[in-house]
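>>> model the structure of this input:
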Amino acid sequence: MDVPQLTSAIVEAEAKLAALFEPGKPMPRAGVVASLRQEVSEMKGALARLMGQSGPTASLDSGNASDEELAERARQAFLEVERLVGNKGGGRDDSGAIATLEAENERLRLEATALLMRQQQLEDLRDKLRAGGAAAAAKN
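Alright, predicted model coming up:
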């Protein structure tokens, strides 16, 4: 897959992920969100490798890097592709604003993922307690 195709695939996957959080829809399960985010992350890693970057900033497989560092590296690779492919309606002023918005968007996504994971933990705990309560009631 070449850079423009991979970039389009990333944009489509991110749109699919964003669609899960549209107003009026029930909150998606944490597992679904995590798998979609993993898919996007893998595509961004492939994009960085396709771009032929070298050095420590391009190594997305680094075991010492945190998720935030990996997200930042992938975002930088994506922005580089946008720059190479050409911005379809903006100039230098727009690219700074876009980068700021993307960083904020990524931060919010991380927060949403953490909240979804916590919600899943609480739902699992609730189900476990209900099952335990039903079993105790059945014994009586």
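>>> residues contacting the most centrally placed residue in the chain?
The centroid of the chain falls nearest to R37 when counting by C-alpha atoms, centre = their mean (3.7 Å). R37 makes contacts with 17, 109, 113, as judged by C-beta atoms under 8 Å, 6 or more residues apart in numbering. Where you see a C-beta, it was placed from the backbone N, CA and C, and this is true even at glycine.
>>> show me the shaky parts of the protein.
52-66, 81-97, 99, 140 (pLDDT under 70).
>>> can you do 80?
Regions of the chain meeting the criterion pLDDT under 80 cover residues 1-4, 47-104, 134-140.
>>> where do the helices sit along it?
Here the chain has its helices, by DSSP state H, at 3-19, 30-50, 67-85, 92-139.
>>> what about the residue nearest to D67 when sequence neighbours are not counted, how many residues close to it?
Closest residue to D67 apart from its sequence neighbours, by C-beta to C-beta, 6 or more residues apart in numbering: L110 at 7.4 Å. If you count neighbours by other C-beta atoms under 10 Å, L110 ends up with 14.
>>> any idea how far L110 lies from A13?
Distance check for L110 against A13: by C-beta to C-beta, to the nearest Å, it reads 17 Å.
>>> just R75 next, same as before
Counting by C-beta to C-beta, the gap from R75 to A13 is 14 Å.
>>> so what's L47 up against?
Shown in contact with L47 (C-beta under 8 Å, 6+ apart): 3, 6-7, 10, 74, 77-78, 81.
>>> ditto for A34
A34 sits next to 113, 117 when contact means C-beta under 8 Å, 6+ apart.
>>> export stretch 110-123 to CSV, keeping only CA atoms.
Once non-C-alpha atoms are left out, stretch 110-123 reads as follows in CSV (Å, rounded to 0.1, in the frame of the first residue of the first chain):
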residue,chain,number,x,y,z
LEU,A,110,-7.1,9.0,25.4
GLU,A,111,-9.4,10.4,28.1
ALA,A,112,-12.4,8.8,26.4
THR,A,113,-10.6,5.5,26.1
ALA,A,114,-9.7,5.6,29.8
LEU,A,115,-13.3,6.4,30.7
LEU,A,116,-14.6,3.6,28.5
MET,A,117,-12.2,1.1,30.1
ARG,A,118,-13.3,2.2,33.6
GLN,A,119,-16.9,2.0,32.5
GLN,A,120,-16.3,-1.5,31.3
GLN,A,121,-14.6,-2.5,34.6
LEU,A,122,-17.6,-1.1,36.5
GLU,A,123,-20.1,-3.0,34.3
